[in-house]
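Q: Predicted coordinates and the sequence they were generated for:
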Amino acid sequence: MKRLLLVLFILFPLSTLAAPATTQSTQFLRYLDMPDGSSRLEVAEATYKNDKGVVVHLIGAVHIADADFFAGLNESFDHYDALLYEMVKPREAAEQNRLPTATERKGSSLAWVGNMQRFMRDHLHLTYQLDAIDYDRPNFVHADLDMQTFAQLQAERNESMFSLMVRSAMHNLAKGGDDSDVKSLALLGALMSPNSSQEIKRALAQQFADLDDMMDGMEGPNGSVIVGERNKVALRVLQEQIAKGKKYLGIFYGAGHLRLMEKSLDEMGFHKVGVTWRTAWYIGPPAPVPTTQKTTP
């Protein structure tokens, strides 16, 4: 369940690389404990440039986050010649570059993902990406699989959320270590906390440090539809936009996609020139433990 929740948070709104990378790999999510007892889950935005002066930003998404996180993204998106975004949606909505209707969302095989995210939004007092990001912009370009192609590719590979979880678990066992029991106890303790929503966020945010390893396990040696194939679409759309003369581009994708995407950009001749960070979750200091005072007779 821990890994399933992480996948839902990171991957949805909803090939193996042979050449060695010259760009040092970026960690796109990090958890920080602050001196005042508060914590932060931060998401990276990395900038890359090629010799022709084309600039690409990889913008990490966490699909339920603080309202300020999405407000900052909305403010920045208008500056791009093209902003490529992820969303597995019905083919008609993808072709028309629009959000799916309520009826289309309800009929989607991935409707449960959105329902789960909205449930977590309400219980963790966060904001849902599809409620906060303004997708009705002329520079927004869909850069993801459509629902029908996604389902077809998964069926061809016999891939499902369950099979990916099993693959990730086997990868973890092969490494010879698993601290899931400790993390499960941390989540249990968070559930018992007087301020459970805040402490659940803290416990979950700490687990994001395992993101890169978890994604490696899910991809496996032959790649996956949920990550690898969707990345291919995003990079193909990027090349199409560059061919149209676009010079300043952003790719707004789940943070779990971006380490592999960074490797592909490196192969395309892009070099990292900077990284900035946004706070996705601010988690206040833990509530003080009440003390009982002894009274003297």
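A: Cool, the structure landed.

Q: Which residues are in contact with residue 144?
A: Applying CB atoms under 8 Å, 6 or more residues apart in numbering, one finds that residue 144 lies in contact with 85-89, 94, 230, 233-234. In this view, the C-beta of every residue, glycine as well, is placed from N, C-alpha and C.

Q: quick one: which of the residues you listed sit in helices?
A: Filtering those for membership in helices, criterion DSSP state H, returns 94, 230, 233-234.

Q: can you list the residues that contact the longest strand belonging to the chain?
A: Secondary structure of the chain read by DSSP state E shows that its longest strand is strand 271-283. Defining contact as CB under 8 Å, 6+ apart, one finds that strand 271-283 is touched by 22-24, 26, 30, 38-50, 60, 62, 65-66, 68-69, 72-73, 126, 198, 201-202, 205, 262.

Q: Put the buried members of these into a PyMOL selection.
A: Entered in PyMOL, the line below selects the buried ones among the contacts of strand 271-283, by 16 or more other CB atoms under 10 Å:
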select buried, resi 23+26+39+40+41+42+43+44+45+46+47+48+49+60+62+65+66+69+73+126+198+201+202+205+262
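
Q: Out of the contacts of strand 271-283, which sit inside helices?
A: Using DSSP H, 68-69, 72-73, 198, 201-202, 205, 262 are the members of those that sit in helices.

Q: got any ranges where the protein has weak pLDDT?
A: 1-23, 107-114, 161-196, 209, 212-222, 289-297 (pLDDT under 70).

Q: mind listing the strands for it?
A: Applying DSSP E to the chain gives strands spanning 29-33, 39-49, 55-61, 64-65, 82-85, 127-128, 140-142, 248-254, 271-283.

Q: what pairs with the third one, and is each one parallel or antiparallel?
A: So that's strand 55-61. Counting by DSSP bridges, the strands paired with strand 55-61 are strand 39-49 (antiparallel), strand 248-254 (parallel).

Q: out of these, which comes closest to residue 100?
A: Between residue 100 and the strands paired with strand 55-61, the shortest separation by CB to CB is 17.5 Å, and it involves strand 248-254.
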